[in-house]
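> sequence-free structure coming up:
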RNA sequence: GGUCCCGUAGCUCAAUGGAUAGAGCAACAGCCUUCUAAGCUGUCGGCUGCAGGUUCGACCCCUGCCGGGAUCACCA
């Protein structure tokens, strides 16, 4: 099937540059793709008389089944050349080869010009990369970005959904940082409102003085337990109420003909809570007292939120994430009114007869949206308008990334649109990193059905799985306990974090607690394992005092080695794409691909017992470089590498 | 109903508009006297939801359908 259009051109003019004695003066690998693009551009123009933008020349790694390192897509030039694709490829190939001394030869397959680079290029690339701890990273670009990646409520502990949110945000912030941005990591804590009041009231009525200290329950869980208890007590009250004469009268007077009693009372629950419930009345009273700064209520609120923060801090610390700036809703929920004032002045907003303030976004495909109630109090979006401005004033960031689930897409579209119309200076730098919800095999997680996967439980479980696996292997049997548990932590969390970050953010993901966090195959531990193998090599290398300087005498480079070199060479471009797309999954998939190639290399080729000293040195150097890049890439996902496993 | 997102192997996920759509899991069959087998190799598995269109070339872009989800609050 290849016979008609498959031929090699290796032999053209080889003699002059065949000698290995004098190393080629090559361009740095980082420049070579650009050099090829320019050469193609010039060649096409010279041959066919039409200008071609060098940056538009498509060049990509040659797929493994074909010979070559990089391939140029020739189809775009076929029309201007008025010749068959393979003829064009041959003509362009010859000219490009003359212009770029690093090209050893080329072949043509169905309109693809496959270029093979001199091994010297790759040896040089390895040498200049292996010592470079910053490989792939870019210098500061002067752009300041705030990433808000956690916005928990303080009435219950964090769950699996928060974990995806946190890991995505953390990873994005690391990727942006690596590509030269200055980062401010922020959290907005929803520390006020009716939810926390429910926990407070519940504790006050039924708590019997329980604290995290005297009960041994982690603070956020303790507060969450009282929230659940409140819901339970409310349900009991509601069930009892339904038996009363008052309930009967309400049902008789208000039910629709088609509604059974059960259906009616199910739908009536909110109304009942707001108008009939004793607990409802008490909790509203508590909220009122909070808003009135009642000292006793504020004290309780501070105490219980304090417990929650201790708990959150523990979970954040377990996940290895941190924040530069915390915002609290209790400080921001009144913000935004000045912006509304300003918007009215500018005529962007308008006031209805009742005094409420609105914006009309129907021309942008949205609806009319309330931004301030008639009584002058804020709604959700008012607050976000205010905090946006406050953040800008606090830090002067050029860009703001909100990591929030996709159920709030509409909210952010509207928010950004309003800020644009108000001509806020930061309005064009806003980005909603929207991600799909995490679902269980049976559907969404439901608090009421008790299917919520708790963050702390999950972390404990993945570490337990790692330990179980490790015990089967027995590899850590000799390792001191402290170091052992540290490695197991890294493996367990590596599995969890990789499992979550490898999925494209926009996609909703199915999380099966039984099966999802594998330790084999396309997983975090698979990648960590390749690092551990490399680490073993490095220790032995240090012990034996091996000199890597003869690596440059290695020849010829084997396909398994070339595959690694090409992958390593892609790394900086992967980071750039990931930063531009706010997409950690690109980095995750790159790391997996690199680890896979390394395992193959390990299996196929001997390292310490290589035939020649140069081969040994080269392979060690290559391994070291792979280890560096894997560590660097996984660090951007928040994954630490164990030394042993 | 309007708007937005997602439909790829039994399952979980990949694939800057480019070559024969790839991995892992599950199932089956192999590979440790050798640098850690959490590894490697092989077999099995597909009308990329359907139908058109644009293009030299479409999983990818456009249109229309069909499924699934989100959202359209003076909740956050």
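Arrived safely, thanks for sending. Predicted model, so just to flag it, every value in this text is computed and none were measured.
> how about residue A:636: what's its closest non-neighbour residue?
Leaving aside its chain neighbours, residue A:636 sits nearest to residue A:174 (4.5 Å; criterion: Cβ to Cβ, 6 or more residues apart in numbering). C-beta coordinates here come from the backbone N, C-alpha and C atoms, glycine included.
> what's around that neighbour, how many residues?
For residue A:174, the number of neighbouring residues by other Cβ atoms under 10 Å comes to 22.
> helix/strand/coil for it?
With DSSP: H, G, I helix; E, B strand; the rest coil as the basis, residue A:174 sits in helix.
> enumerate every residue touching it.
A:635, A:636, A:637, A:638 (Cβ atoms under 8 Å, 6 or more residues apart in numbering).
> just curious, which of those is nearest to RNA strand B?
Of all these, residue A:637 has the smallest distance to RNA strand B: 13.7 Å, by Cβ to the nearest atom of the strand.
> what residues does the stretch 251-400 of chain A have near RNA strand B?
For the stretch 251-400 of chain A, the contact set with RNA strand B under Cβ under 7 Å from any atom of the strand comprises A:329, A:333, A:352, A:354, A:356, A:365, A:367, A:370, A:373-375, A:379-380, A:383.
> do that again at 6 Å, thanks
The stretch 251-400 of chain A has residues A:329, A:354, A:356, A:365, A:367, A:370, A:373, A:374, A:379, A:380 near RNA strand B, with proximity defined as Cβ under 6 Å from any atom of the strand.
> can you tell me the closest non-neighbouring residue to the third one?
Just to be clear, that refers to residue A:356. Using Cβ to Cβ, 6+ apart, the nearest residue to residue A:356 is residue A:374, at 4.2 Å.
> count of residues packed around that neighbour?
Neighbours of residue A:374 (other Cβ under 10 Å): 13.
> next one: it from residue A:359, what distance?
15 Å (Cβ to Cβ, to the nearest Å).
> spell out the secondary structure type for the residue nearest to residue A:356.
Secondary structure of residue A:374, per three-state DSSP, is coil.
> would you confirm that it contacts residue A:355?
Yes - applying Cβ atoms under 8 Å as the test, residue A:374 and residue A:355 come out as touching, 4.3 Å apart.
> thinking again about what came up before, can you tell me which of the contacts of residue A:174 has the most neighbours?
So for those (other Cβ under 10 Å), the most neighbours sit at residue A:636, 29 neighbours.
> so who does that residue touch?
A:171, A:174, A:175, A:178, A:575, A:578, A:584, A:587.
> gap between the second one and residue A:164?
Taking Cβ to Cβ as the measure, residue A:174 and residue A:164 are separated by 16 Å.
> the fourth one now?
Computed with Cβ to Cβ, the distance linking residue A:178 and residue A:164 is 21 Å.
> for the last one, same thing?
Using Cβ to Cβ, we find residue A:587 at a distance of 16 Å from residue A:164.
> comparing the two, which residue is more hemmed in?
Set residue A:587 next to residue A:164 and count neighbours by other Cβ under 10 Å: residue A:587 wins out with 28 against 23.
> and the pLDDT for the more buried one?
Here the pLDDT value assigned to residue A:587 is 98.
> could you say which helix or strand holds the closest residue to RNA strand B within chain A?
Proximity of chain A to RNA strand B (Cβ to the nearest atom of the strand) peaks at residue A:521, 2.1 Å away. Applying DSSP states H and E as the criterion places residue A:521 outside every helix and strand.
> state the pLDDT value of it.
94.
> and if you look at residue A:603?
pLDDT at residue A:603 comes out at 95.
> neighbours around the closest residue to residue A:139 other than its chain neighbours, how many?
Computed as Cβ to Cβ, 6+ apart, the closest residue to residue A:139 that is not its neighbour in sequence is residue A:180, at 5.7 Å. Residue A:180 is flanked by 15 other residues according to other Cβ under 10 Å.
> just checking, residue A:180 touches residue A:138?
Yes - assessed by Cβ under 8 Å, residue A:180 is found in contact with residue A:138 at 4.1 Å.
> which pLDDT value goes with the residue nearest to residue A:139?
Note on residue A:180: pLDDT of 97.
> mind listing residues that contact stretch A:598-618?
Contacts of stretch A:598-618 (Cβ under 8 Å, 6+ apart): A:123, A:126, A:526, A:529-530, A:533-534, A:537, A:540, A:546-555, A:558, A:560-561, A:563-564, A:619-620, A:622-623, A:626, A:630.
> also near RNA strand B: which of these, exactly?
Okay, of the contacts of stretch A:598-618 touching RNA strand B (Cβ under 6 Å from any atom of the strand), that's A:526, A:529, A:533, A:537, A:540.
> Serialize these to JSON lines and add fields for secondary structure.
Output for these, formatted as JSON lines (three-state DSSP):
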{"residue": "A:526", "secondary structure": "helix"}
{"residue": "A:529", "secondary structure": "helix"}
{"residue": "A:533", "secondary structure": "helix"}
{"residue": "A:537", "secondary structure": "helix"}
{"residue": "A:540", "secondary structure": "helix"}
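> which of the residues you listed are buried? Put it as a ChimeraX command.
Selection of buried members from those for ChimeraX, criterion 16 or more other Cβ atoms under 10 Å:
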select /A:526,529,533,537
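> let me know the closest of the ones next to RNA strand B among the contacts of stretch A:598-618 to residue A:133.
The closest of those to residue A:133 turns out to be residue A:537 (Cβ to Cβ; 18.6 Å).
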